[in-house]
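J.: Mind looking at a prediction? Sequence and model below.
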Amino acid sequence: MKILVSLSMLPALALGCTVQPESVYDSFLNPPLAFRPFFRYWVPDATASPEVIAKDIALLKEVGAGGLEPIGFYNYGGTQSDPATSRADWSKFGWGTEAWINTTRTAFQAAKDHGLLMDFALGPNQGSGVPAEPETEGLQYDLVPFNVWIPLGGSFSGKLPGWGSGKLVAASTALVLEQQPVNISTNPDFLGTVYTNGTRHILETRSLKDVSDAVAQDGSLNIEFPHNETGIEHRLFAFYEKFSGYREQISPERIVQVPQTPVGSYIQNGSWVNDHFSVAGAQLLIDFWENTMLDDDLRQLLRDVGNLAWEDSMEFGAGVAVWWTPNMLQAFQSLIGYDFTKFLPLIFSHVSQDPGPLPSPDQFFTSDDDEGQHYLHDYWTTLTALNRVYLDTLSDWARNGLNCRYSAQVVYNLPMEMAANVPAVDVPESNLAGLNIVSNELGAEYAAAYTQTLPELISDVKRSIMGGANRMVYHGYPYSGNYPNTSWPGYTTFYYRFSSMHGPRQPAWEYYNDYMSWTSRMQPIAQSGVPKMDVAFWIHDLTTYITLPKYNVSEMDKIGFTYEYISPSNFDLSNAYVRHGVLAPDRQAFKALVIRRNDTMTLLGAQRVAEWALQGLKVVFVGGLPQQVSTHSEQKNRIEIASILQRMANLHNFFVVPENDLAESLRSVVGLTPKALVSTEGLWQTYWREDENERRITVILYNDAVGRPHGEGTSNGTVRFAVQGAPYLYDGWTGTSIAVRTCRVSDDGITIPLTIAGNQTLILAFHKDETPRCECFGLPPGVSLHDTTEGNVLRVQNRETARDLKLLDGRVIQLEAAPHALELENWTLIVESWLPPNASRTGSDDSYDSLKTNETFQITELKSWSTISNTLRNTSGRGFYTASFDWPLSGARSNGAEIDLGFILHTARVWINDNQLPPLDPTAPSCDISEYLRVGSNEVRVVVSTTLGGAVREHWTSIMVEGAPVTMTALPPDEQMQGLVAPVNIIPYSVTIVS
């Protein structure tokens, strides 16, 4: 499964400032720092207490994190409206001030003291922006449009519309052929859709004319329009370039809630968004760091624990009508090959960002068949190239100036080609697979600030890994100290709109280590060696802001095909070549390239595909040959592209297949077989990596049951792996591994029968230098084979009569009977409720610590707390369950037993007779407890936790952030199930020794 766009032929890139261990398998039990997950750490501003920051970072270490990404949140930059919102003196405590530099120093020092790594944001809010004098070269630009109508055959004499609004970039004219009123929908923020009445205009393409040279120095223009044209009217357009004035952190001069120190320098005056389409924009940011932020002490700390310089998503489209930079038209001419000036009216018909504001209620399109879309594609192509220059400049500085690496959410939320620009950064923070390390900031779910569960969070991790991401940054960890006019449960970013607020305010925090350790074991496996794929999909797309899957992923997943998307923008990379009919043999080793009938082509891309086909790569066209190109500059190449594709039809490795059931066509027509051939009633996804240094092949399997109720979605099946070597099952929860003996070897590979719980992942590693030892295949229900210190043994569960089993070597052995499972009843439950404290909303730093009260219940059935007692509705906290059972159970002889919790809603830890069990997989929480059992009465103790969402829901109307009631900014959390809700069973087993 690949829902992610792939840049699959990039050379491997290592994380800067970290050391890779000799073997990810040798360190699987205790992964080193470099492989542990990071947390985004939101610091409200430079008023944050150094002691609290140090304490917060120490707590990250305790739960097993590897590092953090501190960012000065500054209330999401403040606000762009008047009056601005802040509860602190940002003239003294703004980003870039001496106070902020000391805050940065505190975070670096605390990371060093506690053995953590630290990514550092290059600016406030979303990691972009810089203090500067107003209208300094390198700040963000905007292009402002004006237009007037002139009757057919009329004339214009006077000042250009909008004269004085900025530097004149261009004036142009056009004939309007059609007009119609439209209701335009936009999403300028996260509060919902806004509808605006506007007008849609169709311009006669041939009438578009650049009249800039006719404009006098005082802005006057005299122009006559033809009398013999048919249409509605003429339009005169004028476009002015100006600084956007948009900020990543607002000026203190606009803050009215609290007194502000008079602004004495530009450093005290907030941070502007810098130009992300020029060298000047990057250099402005670099110069501020070099000349203001970095002293000798901070440089040394950066060398000691600095990991990545990074920028987050470019969420500043609200500050401009369109994306612009002074060099735009010259760069367009040089890159694309024609003058774009007369087509400028078109770029205001699309929002600059989604979500983003409406650029203009007047929308203009051309009379071409695609209404001028191909001109816009050339504009977006130019934007992509200019943003690449910006990224290259910062990457070079990070490597050479800071001895670190640079990370960014490349192109996220903007109309550019993501795949083209990922090579510019060392560790992309975007959905692109194929790099050795691909970072993913995850966990930001809308309306789930305090309700996101840890199984839900790591479900995102699982799906991210299957898509090629392998370095997780959890979103996020808010500063835990006091902040003005902010009530319990404490400083909360985004006004409670996005998840999640991790940290000690969460009842589960003490138990996070189980999930952090699992993530720490999954990441090195997902980073080991290189990924291998079955097929590549062509993609060349500039039309969408978010790249979504371009094919029916479940169809490909159903039998195990793995695939990624590759762009013609990357066809010139060093690893993009064919050897023995395989594309990128040293990287993903694609066995075929798939191109769909509705794909947009480029001439250079088609030429390269033709070369690869001549070298033996199988090229598969779905639904026919593509005929469309996306840009005006490619229009002239249509015939040549069609000719290239037609000539390929004579090759034996050229295929045209129907649009439906591509996976079956790849097998039956093209002759491809997945490396991991899946046969199951579920939906199993596979992710394959090969590590020649380790002589191991690792395959991660994931049973995608998203949307199914808790505890459902378990499926059985088999997977045939095209590999030779001994299979081992690695457990990401316990850090242990066992040899797989239930398998069958053939000339095609190794087939293994599996049962995978809904949303569970399994790690199978094949040790290529070992010979597999398969004992049996196709075991009956309730029977499992285990490789133990006593040899290979068969365990039988829930079977009261003995039966025979034939092994692969022909032997027949008798399986012993085992008693049925025992469901535990008669529980004592102590609920520790977490409540708001009886303290002032603006009290001391400890005023956010929840009060804890206990209530005891005797229950005979496990169910959600809200159904046990009305007093537990909307309760958050921890539950302490105890029950007992007698051992041995009545019935057949037992050699041991497992405990099974069914599923875990959030966290659960289990003790048997005061012996703590290893961490449990929340999708399949079972564990062997034989070594802890004793004859007679045995005690089971389970401690669970909830999210803080229930308590937040209960006290919703009394919560505020920075003086704003949350009832005005977000919806209350949904009610959640809490506690143990599935039956807990003791499952005895008998043992039969096989060998």
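T.: The structure has been received and is ready for your questions. Owing to the predicted nature of the structure, the values given are computational and were not obtained by experimental measurement. Residues are numbered from 1 along each chain as shown.
J.: And the contacts of stretch 912-930?
T.: 454-455, 458, 514, 517-518, 714, 733-734, 757-760, 895-905, 908-911, 932-934, 938-941, 986-987 (C-beta atoms under 8 Å, 6 or more residues apart in numbering). Heads up, the C-betas are built off the backbone N, CA and C, glycines and all.
J.: What about these, which are in helices?
T.: 454-455, 458, 514, 517-518 (DSSP state H).
J.: Between the residues you listed, which sits nearest residue 696?
T.: The shortest approach to residue 696 among the ones in helices among the contacts of stretch 912-930 belongs to residue 518, at 20.1 Å (C-beta to C-beta).
J.: which non-adjacent residue is nearest that closest one?
T.: Leaving aside its sequence neighbours, residue 518 sits nearest to residue 732 (C-beta to C-beta, 6 or more residues apart in numbering; 4.8 Å).
J.: just residue 579 next, same as before
T.: Nearest non-adjacent residue to residue 579 (C-beta to C-beta, 6+ apart): residue 585, at 4.5 Å.
J.: Touching, the residue nearest to residue 518 and residue 760? I think so.
T.: No - taking contacts as C-beta atoms under 8 Å, residue 732 lies outside contact range of residue 760: 10.3 Å.
J.: out of these two, which sits in the busier spot?
T.: Shown here are residue 732 and residue 760; by other C-beta atoms under 10 Å, residue 732 has more neighbours (22 against 19).
J.: Tell me where the longest helix sits in the protein.
T.: Longest helix in the chain, counting by DSSP H: helix 373-402.
J.: So, low pLDDT: which residues of this protein?
T.: Flagging of the chain using pLDDT under 70 yields the residue ranges 1-22, 79-84, 189-191, 428-435, 543-553, 839-846.
J.: care to break it down by domain?
T.: 141-243+320-382, 435-466+479-528+819-995, 530-668, 676-815 (automatic domain parsing).
J.: what would those look like in a markdown table with distance to residue 406?
T.: A markdown table is the format used below for those (distance: least, C-beta to C-beta, whole Å):
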| stretch | distance to residue 406 |
| --- | --- |
| domain 141-243+320-382 | 20 |
| domain 435-466+479-528+819-995 | 11 |
| domain 530-668 | 19 |
| domain 676-815 | 25 |
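J.: for those, which one sits closest to residue 32?
T.: When those are compared by C-beta to C-beta, domain 435-466+479-528+819-995 sits nearest residue 32, at 8.4 Å.
J.: Tell me which strands the longest strand seen in the chain pairs with, and in which orientation.
T.: Using DSSP state E, we find that the single longest strand of the chain is strand 167-186. If you go by DSSP bridges, strand 167-186 pairs up with strand 194-203 (antiparallel), strand 209-210 (antiparallel), strand 233-243 (antiparallel).
J.: Please identify the deepest-packed of those.
T.: Across the strands paired with strand 167-186, averaging neighbours per residue (mean count of other C-beta atoms under 10 Å) puts strand 233-243 on top, at a mean of 21.
J.: Show residues contacting whichever strand or helix holds residue 472.
T.: Taking DSSP states H and E as the definition, one finds residue 472 inside strand 471-478. Strand 471-478 has contacts (C-beta under 8 Å, 6+ apart) with 15, 37-42, 56, 60, 68-69, 119, 427, 429, 437-444, 457, 461, 464, 490-493, 498-503, 519, 523, 527.
J.: taking those one by one, which sit in helices?
T.: Of these, the ones assigned to helices by DSSP H are 56, 60, 457, 461, 464, 519, 523, 527.
J.: Nearest to residue 208 among those?
T.: For the ones in helices among the contacts of strand 471-478, the nearest to residue 208 is residue 464 (45.3 Å; C-beta to C-beta).
J.: can you list the residues that contact stretch 671-683?
T.: Under C-beta under 8 Å, 6+ apart, the answer for stretch 671-683 is 532, 534-535, 554, 557-562, 591-592, 618, 666-667, 684, 686, 688, 699, 701, 703-705, 713-723, 756, 758.
J.: Next: stretch 722-732.
T.: Contacts for stretch 722-732 (C-beta under 8 Å, 6+ apart): 25, 28, 518, 521-522, 525, 673, 675-677, 696-698, 721, 736-740, 743, 748-750, 752, 761-773.
J.: Please type out the PyMOL selection for whichever of the residues you listed turn out to be buried.
T.: Per 16 or more other C-beta atoms under 10 Å, the buried members of the contacts of stretch 722-732 correspond to this PyMOL selection:
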select buried, resi 25+28+518+521+522+525+673+675+676+677+696+697+698+721+737+739+740+743+749+750+752+761+762+763+764+765+766+767+768+772+773
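J.: For the stretch 501-650 of the chain, which segments count as helices?
T.: Secondary structure of the stretch 501-650 of the chain by DSSP state H, counting those that start in this stretch: the helices cover 512-527, 553-558, 603-614, 638-648.
J.: With respect to residue 865, which of those lies nearest?
T.: Closest among the helices of the stretch 501-650 of the chain, once you apply C-beta to C-beta, is helix 512-527, at 21.3 Å.
J.: The closest one: how far from the chain's middle?
T.: Distance of helix 512-527 from the chain centroid (C-alpha atoms, centre = their mean, to the nearest Å) equals 16 Å.
J.: who touches that helix?
T.: In contact with helix 512-527 (C-beta under 8 Å, 6+ apart) are residues 21, 24, 27-28, 31, 35-37, 62-66, 436-437, 454, 457-458, 461, 465, 469-472, 502, 687, 689, 698, 700, 730, 732-733, 735, 761, 763, 765, 907, 909, 919-920.
J.: for stretch 577-593, same thing?
T.: Contacts for stretch 577-593 (C-beta under 8 Å, 6+ apart): 6, 8-10, 434, 530-538, 564, 566, 575-576, 609, 611-612, 615-620, 653, 666, 670, 672.
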